[in-house]
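>>> coordinates for the following, if possible.
(one chain, ligands or ions: 1)
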Amino acid sequence: MTVLTEYLYSAREQVNSALADFAADRLQDAVRKRGRAVLVVSGGSTPGPMLELLSRHEVDWKHVVVLLSDERWVERGSERSNEAMVQTCLLQNAAAEARLVSLYEPGMDAQSATGTIEKRLEFLRERPDVVILGMGEDGHTASLFPCADGIEALLDPDRAGLVARVMPKTAPDERMTLTAPALTSARHMVLFITGSLKLEILQKILAGMKTAPVGTVLQQASGEKALFWAA
Ligand SMILES: O=C(O)[C@H](O)[C@@H](O)[C@H](O)[C@H](O)COP(=O)(O)O
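Here you go, the predicted structure:
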């Protein structure tokens, strides 16, 4: 049974503010202790407003590296680009000094680019400090989709690779995703979801009534684990 510390709120504004505070505290603590912090954030529609609040926190951002948990393989200018969302929402205000490491490589297809991006993420062999993940109603997290071919290998804790190309059957776009091992070594892992339906689905997964990648990732995670949720 995976146990998460639960931070539950009735309003989105409250959870956004609380998670921004939580993440900023842990990032600044990492910079103080180790001189650097690594922040991994999910894409999708949930994190934007929280990232905007986080961007205003007085963290030593020039020592913070930011990357996505996964990327849709689309041009950077596309409105579906997770990187574009992070550039807009997080890399502004105080956080404009942070360094974004891209999971995308223009001019290459995702499969061919996997090696290039794996090399780019060598620093991730150390534990990322804060990992903020979302969840889909099918229990996917990052782009670790239950329906994806080869998903078992991407959830394998002994898998060597940090990234993989995924072609989900239930969502658009080829994806580049961090694998479970790249995520689960996080010192502080947060699952950030909203709405009663996703909470109900998560509770079934945590109770072992439904298997899903998000449950595997949370179970394998070795650090602090927290759920941030609002209605
Ligand atoms: O690229 C993506 O879409 C995300 O990384 C993905 O894992 C997301 O976190 C979930 O699909 C939830 O998305 P919403 O926040 O839009 O519900």
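
>>> quickly note the distance from the closest residue to residue 128 other than its chain neighbours to the ligand.
Distance criterion CB to CB, 6 or more residues apart in numbering; nearest residue to residue 128, sequence neighbours excluded, is residue 38 at 4.3 Å. For glycine as for every other residue, the C-beta is placed from the backbone atoms N, C-alpha and C. Taking CB to the nearest ligand atom, to the nearest Å as the measure, residue 38 falls 17 Å from the ligand.

>>> how many residues are close by residue 11?
10 (other CB atoms under 10 Å).

>>> residue 152 now?
There are 11 residues near residue 152, going by other CB under 10 Å.

>>> wasn't it part of a strand?
No - read with DSSP: H, G, I helix; E, B strand; the rest coil, residue 152 is helix and lies in no strand.

>>> is residue 7 bridged to anything, and to what?
Counting by DSSP bridges, residue 7 forms beta bridges with residue 228.

>>> begin at 42 from here
From this message on, residue numbering opens at 42, which makes the last subject residue 48.

>>> okay, now it: neighbour count?
By other CB under 10 Å, the residues close to residue 48 number 17.

>>> get me the contact residues on this structure for the ligand.
The chain has residues 83-87, 110-111, 113, 123, 175-177, 181-183 near the ligand, with proximity defined as CB under 6 Å from any ligand atom.

>>> let's see it at 5 Å
Within the chain, the positions adjacent to the ligand are 83, 84, 85, 86, 87, 111, 175, 177 by CB under 5 Å from any ligand atom.

>>> now, among those residues, which is nearest to residue 228?
residue 83 (17.1 Å; CB to CB).

>>> verify the stated contact: the closest one with residue 108.
No - the pair residue 83 / residue 108 is not scored as a contact, 10.9 Å apart, by CB atoms under 8 Å.

>>> what residue in this protein comes nearest to the ligand?
Nearest residue of the chain to the ligand (CB to the nearest ligand atom) works out as residue 175 at 2.3 Å.

>>> all strands of the protein, in order?
Taking DSSP state E to define them, one finds strands in the chain at 46-50, 78-82, 105-109, 111-113, 140-141, 171-174, 204-207, 216-219, 229-235, 265-271.

>>> now those strands as a markdown table including mean pLDDT and distance to residue 96?
What follows is the strands of the chain, written out as a markdown table (pLDDT from 0 to 100; distance: least, CB to CB, whole Å):
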| stretch | mean pLDDT | distance to residue 96 |
| --- | --- | --- |
| strand 46-50 | 98 | 20 |
| strand 78-82 | 98 | 11 |
| strand 105-109 | 98 | 11 |
| strand 111-113 | 98 | 20 |
| strand 140-141 | 97 | 12 |
| strand 171-174 | 98 | 14 |
| strand 204-207 | 96 | 25 |
| strand 216-219 | 97 | 22 |
| strand 229-235 | 98 | 16 |
| strand 265-271 | 98 | 17 |
